[in-house]
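> structure here, sequence nowhere to be found:
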C-alpha cells in the first residue's frame with residue numbers, strides 16, 4: 001500500500017465520485033465529496049490570502065460539523081498544520097494550548113473567540 005495524504009484522498013474521491021456521500025450529519029443531511037472538496041478549497045484559498053505558509057499551525061476551536069471537517073481539510077490543502085482544541089475547554093486552557101504551539105491563525109466562533117481573545121492578550 002502506497003502512503004497517501006488526506007487531502008489527496010479527498011481530491012481523488014471528489015474527482016472519481018463527486019456525488020458520493022462523504023459526510024452524513026446527525027439530522028441525515030448528506031454532503032458529497034465534491035461539496036466537501038469545494039469547501040476545503042475555499043478555506044485553503046482564504047488561509048493563503050491571510051498569509052498562511054507551509055508548516056504554519058492553525059488552531060481550530062470549533063464544534064464538530066461539516067464546516068469543521070472542511071476547515072481541517074482546507075488547512076492541510078493550504079500546507080498548514082491543524083491544532084484541534086476542544087471548544088468546551090475553558091478559555092484559559094485553550095489559550096495555553098494555542099500559545100504553546102505558536103498558532104499563526106485561530107479559527108473559531110465569536111462566542112468562543114471573545115473570551116479566548118481576552119486570555120490570549122493577557
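Received the coordinates, thanks. Just so it is clear, the model here is predicted, and its values are computed rather than measured.
> just to be sure, residue 41 is in a strand?
No - Residue 41 sits outside any strand when classified using DSSP: H, G, I helix; E, B strand; the rest coil, being helix.
> so it versus residue 81, what's the distance?
Distance, residue 41 to residue 81, by Cβ to Cβ, to the nearest Å: 18 Å. (C-beta placed from N, C-alpha, C; glycine too.)
> if you count surrounding residues, which of these two has more?
Shown here are residue 41 and residue 81; by other Cβ atoms under 10 Å, residue 41 has more neighbours (19 against 14).
> quick check, pLDDT for that one.
Residue 41 is assigned a predicted lDDT (pLDDT) of 95.
> go on, the one 3 residues further on?
For residue 44, the model assigns a pLDDT of 96.
> buried residues in the strand or helix carrying it?
Element membership for residue 44 (DSSP states H and E) is helix 33-49. Residues 33-37, 39-41, 43-44, 47 are the ones in helix 33-49 that count as buried (16 or more other Cβ atoms under 10 Å).
> give me the contacts around the helix or strand immediately after that helix in the chain.
Later in the chain than helix 33-49, the nearest helix or strand by DSSP H and E is strand 57-61. Strand 57-61 has contacts (Cβ atoms under 8 Å, 6 or more residues apart in numbering) with 47, 52, 68, 71-72, 75, 80-87, 94, 97-98, 101-109, 112-113, 116.
> and if we set it to 7 Å?
47, 52, 68, 71-72, 75, 80-85, 87, 94, 98, 101-108, 112, 116 (Cβ atoms under 7 Å, 6 or more residues apart in numbering).
> quick one: buried ones out of these?
47, 52, 68, 71-72, 75, 80, 82-83, 85, 87, 94, 98, 103-108, 112, 116.
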